[in-house]
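Trainee: sequence first, then the predicted structure, then my questions.
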Amino acid sequence: MSSSDQYWALPDGISEALPDEAWRLETLRRELLDIYSTWGYQLVMPPLVEYMQSLSTGVGANLDVQTFKVTDQQTGRMMGIRADMTPQIARIDAHKLQTDQPNRLCYIGSVLRTRPQSEGGSRSPLQVGAELFGHEGIDSDFEVMSLLLATLEHCKTGSITLDLGHVGIFRELAKQAGFSNDQEQVFSDMLSRKALPEIEEWLEASDLPVSMRNMLSQLPLLHGPSAILEQAKSVLKDASPSVHESLQYLSDLGKRLQKTFPDCALHIDLTELSGYSYHTGIVYAVYASDTGKEIARGGRYDGAGKLFGRSRPATGFSTNLRQLNRSADVKPTIQNKILAPNDDDAQLEALINKLRQQGQCVIRQLNGHNASSRQTNDSRQIIQENGQWIVKEV
């Protein structure tokens, strides 16, 4: 880096928005908030920093290494710059908005991460999300997923694939197998990577019953179209009733999604275990079909507010406004500017104020820089005729 670069270069993964992009982002932000409002979701604006105890509990437990930490100069306590807004929304529902009724909340704001989630990705996404607290069941999961798909449809993301799983299936199999916490963690990692040779070697070295080894060895192969769920019911026939309840839950949810969103390609993956440490039910990710890149993620995380004093069912999603903006058909509003002279006249001032109140863009000339309307791309200007100030086409 040259000596001059150090003054203007931004850190890797940190971006800014210049006027055209900034206006598109702001326009898209307003449009999405309008959509969420029609679904009954209320906007909340949590703080940029909180004490680490709040940010790293519950759903934020896996965000510690992603969080920039600072010391509060007033108290000496450790604070974190939010890397994800979901823990904050869970705190707001549990502690600030104490209600026994379902609570629908949405948010849009900047987050900061120590590392990008993918190579070359952003460390400062504009996170967009919605959370539904206080209802446990397929209706709330379907509603939140429908809102996500409506969001992507509004942003014209094109052909997408919805990858859907359920962490309860492996969690119950691990319980049935008698795994220790360490064994469960090691095996879930192998499943997430679909490391078939490692899984086979690990199972052969175990003393698990043959039926259990067979189910666990087949689990990473159970992915594909929704029809794979019928195969899963057969392969996992010796699993506990809870496993079959989760399989039926996926089947019922998948049918509702395909009926409402027939253009969305649904892919079932029983080893989709993202956020395994805090998710309690369904988990999903949405990928752009043309690039294969993830554009949104969500799932169920019941009990999210327990450490804040109130354990509540919860389900939600999040995505990145900057990423959505790349496909959204949002064009900057082109205003026909009006050029006004730099004249200290009360009638002129009154006309300028009136025009601005009407939403017109009026630019005053500056002393020493009396540019013509053509130079500033203004199609109209204010001139004085017969002692009256009027707007005239140029």
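Mentor: Right, received. Where do you want to start?

Trainee: so who does residue 192 touch?
Mentor: Residue 192 is in contact with 271, 273-274, 276, counting by Cβ atoms under 8 Å, 6 or more residues apart in numbering. The way it works is simple: take the backbone N, C-alpha and C, and place the C-beta from them, glycine included.

Trainee: so how far is residue 250 from it?
Mentor: 18 Å (Cβ to Cβ, to the nearest Å).

Trainee: again, but for residue 104
Mentor: Remark: distance between residue 104 and residue 250 (Cβ to Cβ) = 24 Å.

Trainee: swap in residue 97?
Mentor: Here residue 97 is placed at a distance of 31 Å from residue 250 (Cβ to Cβ).

Trainee: these two: which has the busier surroundings?
Mentor: Higher neighbour count among residue 97 and residue 250: residue 250, with 24 against 14, using other Cβ atoms under 10 Å.

Trainee: leaving out the residues flanking it, which one is nearest to that one?
Mentor: Of all residues not flanking residue 250 in the chain, residue 166 sits nearest, at 5.4 Å (Cβ to Cβ, 6 or more residues apart in numbering).

Trainee: cool, and residue 351?
Mentor: Nearest to residue 351 is residue 389, by Cβ to Cβ, 6+ apart, at 5.0 Å.

Trainee: which parts of the helix or strand harbouring that neighbour are buried?
Mentor: Using DSSP states H and E, residue 389 sits in strand 388-393. By neighbour count on 16 or more other Cβ atoms under 10 Å, the buried set for strand 388-393 is residue 389.

Trainee: touching it from outside, list them.
Mentor: Applying Cβ under 8 Å, 6+ apart, the contact partners of strand 388-393 are 338, 345, 347-348, 351, 355, 379-385.

Trainee: give me the lowest-pLDDT entry from those residues.
Mentor: Lowest pLDDT among the contacts of strand 388-393: residue 379, with 80.

Trainee: residue contacts, that one?
Mentor: 336-337, 373, 393-394.

Trainee: can you tell me how far it sits from residue 389?
Mentor: Distance of residue 379 to residue 389, given as Cβ to Cβ: 18 Å.

Trainee: ok, now residue 108?
Mentor: From residue 108 to residue 389 the distance is 42 Å (Cβ to Cβ).

Trainee: before we move on, back to that, just the contacts of strand 388-393 now: which is nearest residue 39?
Mentor: For these, the closest approach to residue 39 (Cβ to Cβ) belongs to residue 355, at 37.0 Å.

Trainee: my guess is the closest one is in a helix, correct?
Mentor: Yes: using DSSP: H, G, I helix; E, B strand; the rest coil, the secondary structure at residue 355 is a helix.

Trainee: which residues touch the residue lying closest to it once chain neighbours are set aside?
Mentor: With Cβ to Cβ, 6+ apart as the criterion, residue 355 has its nearest non-adjacent residue at 5.2 Å, and that residue is residue 362. Listed by Cβ under 8 Å, 6+ apart, the contact partners of residue 362 are 337-338, 340, 352, 355-356, 382.

Trainee: now do the phi/psi pair for residue 362.
Mentor: Per-residue torsions, residue 362: phi -120, psi 130 (degrees, to the nearest 10).

Trainee: beta-bridge partners for it, please?
Mentor: In this structure, residue 362 bridges to residue 338 when assessed by DSSP bridges.

Trainee: from residue 348, how far off is it?
Mentor: 10 Å.

Trainee: show me the domain layout of this protein.
Mentor: Domain assignment for the chain by automatic domain parsing gives 10-157+290-334, 159-288, 338-393.

Trainee: going by neighbour count, which residues of stretch 64-84 are buried?
Mentor: Buried residues in stretch 64-84, counted by 16+ other Cβ under 10 Å: 66-67, 79-84.

Trainee: which of these lies closest to residue 213?
Mentor: Nearest to residue 213 among those: residue 66, at 35.8 Å, using Cβ to Cβ.

Trainee: on that earlier part again, would you format the buried residues of stretch 64-84 as JSON lines with secondary structure included?
Mentor: Shown next, in JSON lines, are the buried residues of stretch 64-84 (three-state DSSP):
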{"residue": "66", "secondary structure": "helix"}
{"residue": "67", "secondary structure": "coil"}
{"residue": "79", "secondary structure": "strand"}
{"residue": "80", "secondary structure": "strand"}
{"residue": "81", "secondary structure": "strand"}
{"residue": "82", "secondary structure": "coil"}
{"residue": "83", "secondary structure": "coil"}
{"residue": "84", "secondary structure": "coil"}
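
Trainee: how deep is residue 200 tucked in, by neighbour count?
Mentor: With other Cβ under 10 Å as criterion, residue 200 counts 14.

Trainee: please enumerate the helices of the stretch 251-394 of the chain.
Mentor: 321-325, 346-357 (DSSP state H, counting those that start in this stretch).

Trainee: could you say which of these is packed most deeply?
Mentor: The highest mean neighbour count among those, using mean count of other Cβ atoms under 10 Å, belongs to helix 321-325: a mean of 21.

Trainee: against which helices or strands is that helix packed?
Mentor: helix 19-38, strand 126-133 (3 or more Cβ pairs under 8 Å, 6 or more residues apart in numbering; DSSP states H and E).
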